[in-house]
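# What follows is a predicted structure for the sequence shown.
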Amino acid sequence: MKTLNVSYLGQTRGWWVILVVGILMVIAGFAYWFWPQAGYAIASQIFGWLLILTGIVQLCVGSGPDRTKGWGWWIAGGVIDMFIGFMLVRSIILSEAVFPYFLAFVFIFWGIEAMVGATGGRGGKYWWIGIINGILLCLIGFFFLEAGWLSDMLMVSFLTSIAFIYWGFTLAISSYEFRPVRK
């Protein structure tokens, strides 16, 4: 019997766009790490615009003519990312007040999505890495909840830079799974 190599989110010709977004996220994370004096408001604005960009990419991949397997997750994630991104970009005062909670929601959603995807692809060799990724994303989300509750801007700034870097590396590494396989 033939074994199938089925990816959870499918494959797309736009995989390189996901790679570019990941690289931009890593650069933004290190920039915020080394220049935190740039300000809390700037970080929320940058994160908002990157969420909008990521949401557009997810909607294009999920609704394109060669839509991938798992397209519903792409569209749901794209809508949520764009909504949160527009809310962060809309008002600096609002974004400063709710920035940690928005990020907590995004990372907990991504963590649950990663764990569901990993358990769906248990036939793969390294399916357990998706579980670890999901747990780490949920942990980052819970740390953002705690930082928002305590109104600890230093912790939020540190977590934001870590989140940018982690998210960027995750996107860049996972983009290679979305490349179409040549037959």
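Received the coordinates, thanks.
# Can you tell me the closest non-neighbouring residue to residue 84?
Closest residue in space to residue 84, ignoring its immediate chain neighbours: residue 102 at 4.9 Å, by C-beta to C-beta, 6 or more residues apart in numbering. Yep, even glycine has a C-beta here, placed from its N, CA and C like the rest.
# And residue 140, by the same measure?
Ranked by C-beta to C-beta, 6+ apart and with sequence neighbours excluded, the top spatial neighbour of residue 140 is residue 107, at 4.7 Å.
# Run a quick neighbour tally on the one you found.
Residues within reach of residue 107, counting by other C-beta atoms under 10 Å, total 24.
# Can you give me the separation between it and residue 165?
Noted for residue 107: a distance of 13 Å to residue 165, by C-beta to C-beta, to the nearest Å.
# again with residue 146
Residue 146 is 20 Å from residue 165, by C-beta to C-beta.
# the more surrounded of the two?
Between residue 146 and residue 165, counting by other C-beta under 10 Å, residue 165 is the more crowded of the two (18 against 15).
# Span of stretch 82-100 from start to end?
16 Å (C-alpha to C-alpha, to the nearest Å).
# which helix is the longest one in the protein?
Ranked by number of residues, the top helix in the chain under DSSP state H is helix 92-120.
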